[in-house]
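Engineer: Could you look at this predicted model? Sequence included:
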Number of protein chains: 2
Amino acid sequence: MKNYTLLQQHKLKATPQRLAIIELMEYHGHISIDDLYSSIRQIFSSISLATLYKNIHSMMGVNLIREVKVPGQKTHYEIEKERHAHILCTQCGELKDIEFDPQSFIQLVASQSAYKTEEVSVIISGICPKCQKK
Amino acid sequence: MKNYTLLQQHKLKATPQRLAIIELMEYHGHISIDDLYSSIRQIFSSISLATLYKNIHSMMGVNLIREVKVPGQKTHYEIEKERHAHILCTQCGELKDIEFDPQSFIQLVASQSAYKTEEVSVIISGICPKCQKK
DNA sequence: GTATTTGCAAATGATTTGCAGTGCT
DNA sequence: AGCACTGCAAATCATTTGCAAATAC
């Protein structure tokens, strides 16, 4: 019901496909189109990639979903929620969230440039503990 | 001559195409494939997109060039140099560099996670002064 | 001289579009 | 009922690949 309302608040029709997209994104945190497609097909065997793309775009249009572009990786998508940064393991490719409050940044940028800051996207790359052991 | 040496140091053959790519990237700061292609064609009318992609990849392989992925934009490429962040105007699409020292970040991440940090990519979006006036 | 690189054309992969039919409100 | 949404197939756009000829060292 919560997601149903969420869609309505953004003036989007609450179709089962959209509800499933939101649920899967909430569950995964961030997800690529391919993973989203194969997960969602287990519920909606008939859903098409075109529908996924269209829905992701309409939800991006109302800032419900955000695009996460990572160097060397396919685009991921996630629900807009509390601010966080992403950390990517360059060996195994795992992408994780880490806590991050961009407030200090926004202030820094505001003082350095005359921009009106909206968003900060931070992607850190490194080697995760598991891969370091190998 | 400088770029010639630069390529050799990275064990890449110094072809005129590669030299031109480096020069254009140094001049532009960051550039999309399309812009790079049309600029470079003014010098090498015969250069192909395939060659651009191949060269960009070999130079990325030796960390001479970095990929910059920006939400809602095509991939850009730039020479690896002093660390900086990018700021994107969501109205006019202009992408600029701003100064940024990731040192404090790297420390923060190192303490929060067990990652061995290599790189930090920061993309800020907002509205540039010009567009604010409109 | 040899291994690498280039440019072409074709292949692949990702995303978008048009349209007829369906479903939300 | 009416407009937005879906799924399909086809179109477009981005990137990669195979290969013969050219070039760097």
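Structural biologist: That came through, no problem.

Engineer: So residue A:114: helix, strand or coil?
Structural biologist: When classified by DSSP: H, G, I helix; E, B strand; the rest coil, residue A:114 comes out as coil.

Engineer: what's the neighbour count on it?
Structural biologist: By the measure other C-beta atoms under 10 Å in any protein chain shown, the count of residues near residue A:114 is 13. In short, each C-beta sits where N, CA and C put it, glycine included.

Engineer: quick one, what contacts it?
Structural biologist: Residue A:114 is in contact with B:128, B:129, B:132, counting by C-beta atoms under 8 Å, 6 or more residues apart in numbering or on different chains.

Engineer: Excluding chain neighbours, give the residue nearest to the first one in space.
Structural biologist: If the residues on either side of it in the chain are set aside, residue B:128 comes closest to residue B:89, at 3.9 Å by C-beta to C-beta, 6 or more residues apart in numbering or on different chains.

Engineer: what pLDDT does the one you found get?
Structural biologist: If you check residue B:89, the pLDDT there is 90.

Engineer: just checking, it touches residue B:127?
Structural biologist: Yes. With contact defined as C-beta atoms under 8 Å, residue B:89 reaches residue B:127; the gap is 6.0 Å.

Engineer: Common neighbours of the two, please.
Structural biologist: Common contact partners of residue B:89 and residue B:127 (C-beta under 8 Å, 6+ apart): residue A:115.

Engineer: hang on, the earlier thing: just among the contacts of residue A:114, which is most surrounded?
Structural biologist: residue B:128 (20 neighbours).

Engineer: what's the distance between that one and residue B:116?
Structural biologist: From residue B:128 across to residue B:116, the span is 36 Å (C-beta to C-beta, to the nearest Å).

Engineer: now do residue A:21
Structural biologist: Counting by C-beta to C-beta, the gap from residue A:21 to residue B:116 is 35 Å.

Engineer: ok, the two, which is more surrounded?
Structural biologist: More neighbours surround residue A:21 than the other of residue A:21 and residue B:116, with 27 against 15 (other C-beta under 10 Å).

Engineer: where does that one land on pLDDT?
Structural biologist: 97.

Engineer: how much space between it and residue A:59?
Structural biologist: In terms of C-beta to C-beta, residue A:21 sits 7 Å off from residue A:59.

Engineer: likewise residue A:47?
Structural biologist: For residue A:47 relative to residue A:59 (C-beta to C-beta), the value is 15 Å.

Engineer: Between those two, point out the one with more neighbours.
Structural biologist: Comparing residue A:47 with residue A:59 by other C-beta under 10 Å, the one with more neighbours is residue A:59, at 23 against 18.

Engineer: re the thing from before, next, the contact list for the residue nearest to residue B:128, please.
Structural biologist: Shown in contact with residue B:89 (C-beta under 8 Å, 6+ apart): A:115, B:95, B:96, B:125, B:126, B:127, B:128, B:130, B:131.

Engineer: Pull out the buried residues from those residues.
Structural biologist: A:115, B:95, B:96, B:125, B:126, B:127, B:128, B:131 (16 or more other C-beta atoms under 10 Å in any protein chain shown).

Engineer: give me every residue that touches residue A:121.
Structural biologist: The contact partners of residue A:121, by C-beta under 8 Å, 6+ apart, come to A:68, B:71, B:122, B:123, B:124, B:125.

Engineer: Of the residues you listed, which pair is most distant in space?
Structural biologist: The two members of these with the most space between them (C-beta to C-beta) are A:68 and B:124, at 14.8 Å.

Engineer: quick one: which helix or strand includes residue A:120?
Structural biologist: Assessed by DSSP states H and E, residue A:120 sits inside strand A:116-127.

Engineer: Strand partners (parallel or antiparallel) of that strand?
Structural biologist: Note on strand A:116-127: by DSSP bridges, its sheet partners are strand A:84-89 (parallel), strand B:116-127 (antiparallel).

Engineer: downstream neighbour of it in the secondary structure list?
Structural biologist: As assigned by DSSP H and E, the chain's next helix or strand after strand A:116-127 is helix A:129-133.

Engineer: Serialize the strands paired with strand A:116-127 to CSV and add fields for distance to DNA strand D.
Structural biologist: Output for these, formatted as CSV (distance: least, C-beta to the nearest atom of the strand, whole Å):
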stretch, distance to DNA strand D
strand A:84-89, 17
strand B:116-127, 16
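
Engineer: That concludes my questions; thank you for your assistance.
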